[in-house]
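Visitor: Sequence first, predicted model second:
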Amino acid sequence: MALPDNDQWQFRFHIKSESSNRLYTIAQHKAKKHWGCSCPGWKIHRTCKHLAAVGIPGKETPFEPYIITD
């Protein structure tokens, strides 16, 4: 389910943790065009398994996916 954009982030959505019932938010930074995650791994290392699971590069690499809308 898509979440509303905020001042810095767009194309926001939730992804479920593999190891718990937590939901993390993945989103694209509006200005810099890189993707981020709300998980501890991304906050520390700027990459995480949640981004990798959906094919998005980490390390604040700009990435423009093809987004399908209904």
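Guide: Nice, thanks for sending it over. Please read all numbers here as calculations on a predicted model, not as lab measurements. Numbers count the residues shown, from 1 in each chain.
Visitor: in the protein, which spans are helices?
Guide: 40-45, 49-53 (DSSP state H).
Visitor: May I see the ones you listed arranged in JSON lines, with mean pLDDT and distance to residue 10 as well?
Guide: In this view, the C-beta of every residue, glycine as well, is placed from N, C-alpha and C. Formatted as JSON lines, the helices of the chain follow (pLDDT from 0 to 100; distance: least, C-beta to C-beta, whole Å):
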{"stretch": "helix 40-45", "mean pLDDT": "94", "distance to residue 10": "17"}
{"stretch": "helix 49-53", "mean pLDDT": "92", "distance to residue 10": "16"}
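Visitor: okay, those helices in a markdown table with distance to residue 15 and mean neighbour count next?
Guide: Below are the helices of the chain laid out as a markdown table (distance: least, C-beta to C-beta, whole Å; neighbours: other C-beta atoms under 10 Å):
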| stretch | distance to residue 15 | mean neighbour count |
| --- | --- | --- |
| helix 40-45 | 11 | 12 |
| helix 49-53 | 5 | 17 |
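Visitor: Can you redo the ones you listed as JSON lines, where the extra columns are distance to residue 8?
Guide: Converted to JSON lines, these look like this (distance: least, C-beta to C-beta, whole Å):
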{"stretch": "helix 40-45", "distance to residue 8": "14"}
{"stretch": "helix 49-53", "distance to residue 8": "17"}
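Visitor: for these, which one sits closest to residue 7?
Guide: Of all the helices of the chain, it is helix 40-45 that lies closest to residue 7, at 18.5 Å by C-beta to C-beta.
Visitor: hmm, back to that, residue 24: which of the helices of the chain is closest?
Guide: helix 49-53 (5.6 Å).
Visitor: that older thread, which one of the helices of the chain lies nearest to residue 33?
Guide: helix 49-53 (13.8 Å).
Visitor: Which elements pack onto that closest one?
Guide: Using 3 or more C-beta pairs under 8 Å, 6 or more residues apart in numbering; DSSP states H and E as the contact test, the elements touching helix 49-53 are strand 23-29, strand 35-37, helix 40-45.
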